[in-house]
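Asker: Fold the following, please.
(one chain, ligands or ions: 1)
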Amino acid sequence: MSVLTQETSGVKLNRMERIKKEKNPFEVWQDIERYALTGFESIDPDDLDRFKWYGIYTQRPQSDGYLMLRVKLPNGDATSKQWRVIAGHSRRFGQGLADITDRQNIQLHWLRIENMPTINRELEEVGLSIKGACGDTVRNVIGCPLAGVDHTEIIDGWPFADAINRALAGNPEFSDLPRKYKISVSGCVEQCAHPEINDLGLVGVIKNGEAGFEAWVGGGLGSQPHLAKRLGVFIRPDQVLDVSYYVTTIFRDFGYRKNRAHARLKFLVEDWGVEKFRQVLEERLGYRLEDAPADYQSPASSYRDHVGVYRQKDGRYAIGLATLRGRVNADQLFALADMADQYGSGRLRATTLQNVVLLDIAPEHVETVKREAATIGLPAETSNFRRGTIACTGIQFCKLAVAETKDRAAGIIESLDQELPGYPHQISINITGCPNSCTRYQTADIGLLGSLVRQDGNPKGEKEEVFQIYLGGKLGRDMQLGHHLKRRVPAEEAKEYIVRLLKRFDAERQNGETFTQFVNRHTLEELEALS
Ligand code: SF4
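Answerer: Purely as a prediction, here's the structure:
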């Protein structure tokens with residue numbers, strides 16, 4: 001089938017628009033069942049793209065026929081039973097590997113098309129879904145992993161994230177959005193589910209003594225990053241589903257489809273402005289929304305890594321365990337499920353910093369859980385570097401990657417721990433293998449974007465992996481994208497670069513300033529020369 005654009009009903013469609021129009025991508029499941037019998041080689045290339053609507057991608061190199069799969073955990077939430085099913089798939093089909101992603105999915109690798117019907121059936125049997133895990137549709141709804149147990153939260157976001165996921169994700173009305181579409185719900189004070197970089201971000205607020213939500217719209221990163229804008233509304237709990245639904249219909253009906261690089265909701269919001277967006281939303285709702293509380297403001301920082309021991313509002317404990325940049329193995333997943341059952345109530349949550357939280361741990365078991373988790377390589381007490389470093393899939397598996405990320409992240413953490421033991425400052429280091437920004441390099445204290453350059457600028461020279469550097473990105477109050485430096489750091493030297501940079505920060509910071517404040521105090525030229 002041609003991969004060129006074509007004319008259909010007088011509208012010029014790009015390839016993805018064409019394949020969505022030719023077949024509802026959610027209907028590709030019946031083909032997946034068929035291909036599982038006929039083999040990878042028999043897969044139609046258009047169907048292979050439709051597989052994304054079930055979270056299935058080819059893994060690099062495509063010729064090997066291996067697939068990766070994202071399993072959605074709305075709000076990161078899972079039971080031990082669900083967790084064990086995923087662990088079993090990792091062990092039986094995925095070479096024992098799994099990645100916790102920064103959108104609270106669990107990603108498996110090394111799968112075969114022949115495995116997919118079994119995997120999906122077993123996931124569905126325990127209430128998990130892969131429908132809508134990728135593709136131009138409503139993705140996994142993310143939220144605070146402490147939702148419902150956090151004694152400082154404004155409102156428990158979990159029931160809302162769950163309800164939005166049930167209503168919108170996998171909904172055939174939204175099988176053909178112009179592009180991917182991300183929703184987050186933060187009921188916590190820190191607004192830790194990143195409303196500023198989601199298409200729709202709901203954040204807990206209180207108005208006249210009533211808890212509800214304010215909405216942010218049009219956030220998204222990638223090569224043209226936009227921070228979301230506040231809609232300026234107060235959304236009562238019983239309005240959340242309506243608002244989420246109609247915002248999504250606005251994207252479906254008015255979002256741009258001609259150019260995929262210009263198709264995310266952020267471009268529509270930019271063109272319309274929030275006043276028009278709110279007006280169209282209220283027309284669709286059929287009622288006016290109240291204004292957001294006048295005293296609303298974002299938290300000073302939305303960085304919250306959920307690692308460590310946290311006392312829940314019911315007196316039990318949540319214990320956040322640090323993975324090493326999201327990568328875990330099947331044995332660890334099984335052990336986590338066992339600990340959740342033995343010492344808690346069988347509840348686990350994945351976090352947006354690629355870690356795991358065990359909920360409802362009885363006070364008398366806290367030390368045991370910490371000890372057992374550390375034994376399996378998932379410590380509750382660890383360095384700020386391990387807590388704050390995330391990495392995307394990168395070149396090991398991702399076909400879009402130009403740089404290795406997971407191993408480099410591990411090497412950077414190791415170097416920092418050796419060179420700067422006991423480093424007292426909370427630092428986020430986000431490493432990505434291409435500009436798509438799956439791990440949000442523009443919003444970290446230190447963002448590393450993998451690139452390829454010709455050595456010595458020689459157009460015929462060998463290509464070398466380097467990192468572009470972004471410094472001082474921040475969400476929350478005074479949000480800003482990281483300053484993009486001109487310099488490129490050879491990928492193998494990134495760890496030394498960061499060690500030098502953080503030594504300077506520690507030695508020269510003034511009056512308790514944060515890393516972002518430290519960065520903002522310097523000119524771009526000074527930042528280039530800082531390390
Ligand atoms: Fe792949 Fe790029 Fe996303 Fe990394 S940022 S997982 S390289 S698409």
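Asker: where do the strands sit along the stretch 401-531 of the chain?
Answerer: For the stretch 401-531 of the chain, the strands defined by DSSP state E, counting those that start in this stretch occupy 429-432, 446-454, 463-471, 483-490.
Asker: got the contact list for the residue nearest the centre of the chain?
Answerer: Within the chain, one residue has its C-alpha closest to the average C-alpha position: by C-alpha atoms, centre = their mean, that is R103, at 2.8 Å. Going by C-beta atoms under 8 Å, 6 or more residues apart in numbering, R103 touches 139-140, 142, 182, 352. From N, CA and C alone the C-beta is placed, and that goes for glycine too.
Asker: ok so, going back, to N14, which of the strands of the stretch 401-531 of the chain lies closest?
Answerer: Closest approach to N14 among the strands of the stretch 401-531 of the chain (C-beta to C-beta): strand 429-432, 24.6 Å.
Asker: for the closest one, packing partners?
Answerer: Contacts defined by 3 or more C-beta pairs under 8 Å, 6 or more residues apart in numbering; DSSP states H and E place strand 429-432 against strand 389-391, helix 406-419, strand 446-454.
Asker: Name every strand pairing with it and say which way it goes.
Answerer: strand 389-391 (parallel), strand 446-454 (parallel) (DSSP bridges).
Asker: Check the secondary structure at R70 for me.
Answerer: Classification of R70 using DSSP: H, G, I helix; E, B strand; the rest coil returns strand.
Asker: burial measure for it, as a count.
Answerer: When counting by other C-beta atoms under 10 Å, one arrives at 23 neighbours for R70.
Asker: ok, it to N24 distance?
Answerer: 20 Å (C-beta to C-beta, to the nearest Å).
Asker: For A373, which non-adjacent residue is spatially closest?
Answerer: Nearest residue to A373, sequence neighbours excluded (C-beta to C-beta, 6 or more residues apart in numbering): L321, at 4.9 Å.
Asker: Show me the contact partners of the helix or strand encompassing V366.
Answerer: Assigning secondary structure by DSSP states H and E places V366 in helix 366-375. Helix 366-375 has contacts (C-beta under 8 Å, 6+ apart) with 309, 317, 319, 321, 335-336, 339, 343-344, 358, 361, 379-381.
Asker: Please repeat the previous calculation with a cut-off of 6 Å.
Answerer: Defining contact as C-beta atoms under 6 Å, 6 or more residues apart in numbering, one finds that helix 366-375 is touched by 309, 317, 319, 321, 339, 343, 361, 380.
Asker: Please save the CA atoms from that helix in PDB.
Answerer: The C-alpha trace of helix 366-375 is given here as PDB (Å, rounded to 0.1, in the frame of the first residue of the first chain):
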ATOM      1  CA  VAL A 366       7.900  -0.600  57.400                       C
ATOM      2  CA  GLU A 367      11.500  -1.600  58.200                       C
ATOM      3  CA  THR A 368      11.000  -5.100  56.900                       C
ATOM      4  CA  VAL A 369       9.700  -3.700  53.600                       C
ATOM      5  CA  LYS A 370      12.600  -1.300  53.300                       C
ATOM      6  CA  ARG A 371      15.100  -4.100  54.000                       C
ATOM      7  CA  GLU A 372      13.500  -6.600  51.600                       C
ATOM      8  CA  ALA A 373      13.100  -4.000  48.900                       C
ATOM      9  CA  ALA A 374      16.700  -3.000  49.200                       C
ATOM     10  CA  THR A 375      17.800  -6.600  48.900                       C
END
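Asker: What average pLDDT does that helix get?
Answerer: Average pLDDT, helix 366-375: 98.
Asker: buried sites along that helix?
Answerer: 366, 369-370, 372-373 (16 or more other C-beta atoms under 10 Å).
Asker: Could you do stretch 499-514 as well?
Answerer: For stretch 499-514, the buried set under the neighbour-count rule, 16+ other C-beta under 10 Å, comprises 499, 501-502, 505, 514.
Asker: For that stretch, which outside residues touch it?
Answerer: Residues from elsewhere that reach stretch 499-514, judged by C-beta under 6 Å, 6+ apart: 419, 515, 518, 530-531.
Asker: Tell me the one of the residues you listed nearest E283?
Answerer: Of all these, F515 has the smallest distance to E283: 43.6 Å, by C-beta to C-beta.
Asker: so how far is the ligand from that closest one?
Answerer: For F515, the distance to the ligand equals 22 Å [C-beta to the nearest ligand atom, to the nearest Å].
Asker: Could you give the number of residues near that residue?
Answerer: 22.
Asker: need the residues of the stretch 401-531 of the chain near the ligand, please.
Answerer: 401, 432-434, 436-438 (C-beta under 6 Å from any ligand atom).
Asker: right, I mislabeled it, should have said the chain
Answerer: So the chain meets the ligand at 392-394, 398, 400-401, 432-434, 436-438 (C-beta under 6 Å from any ligand atom).
Asker: Any of those buried? List them.
Answerer: Buried, going by 16+ other C-beta under 10 Å: 392-394, 398, 401, 432-434, 436-438, out of the residues of the chain next to the ligand.
Asker: Pipe these into TSV and attach distance to D44 and pLDDT per row.
Answerer: Output for these, formatted as TSV (distance: C-beta to C-beta, whole Å; pLDDT from 0 to 100):
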residue	distance to D44	pLDDT
C392	28	97
T393	25	96
G394	28	95
C398	22	95
A401	25	95
T432	31	97
G433	28	97
C434	26	95
N436	25	94
S437	30	93
C438	27	94
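Asker: and the closest residue to T101 other than its chain neighbours, what element?
Answerer: Once flanking residues are discounted, T101 sits nearest to Q107: 5.5 Å by C-beta to C-beta, 6+ apart. If you go by DSSP H and E, Q107 is part of strand 105-111.
Asker: Direction included, what does that strand pair up with?
Answerer: If you go by DSSP bridges, strand 105-111 pairs up with strand 67-72 (antiparallel), strand 97-100 (antiparallel).
Asker: which one of those strands is the most hemmed in?
Answerer: Most buried of the strands paired with strand 105-111, by mean neighbour count (mean count of other C-beta atoms under 10 Å): strand 67-72, with a mean of 25.
Asker: Can you give the contact residues for that strand?
Answerer: Outside strand 67-72, the residues that touch it by C-beta under 6 Å, 6+ apart are 55-57, 59, 86, 105-109, 111, 128-130, 133, 140, 397.
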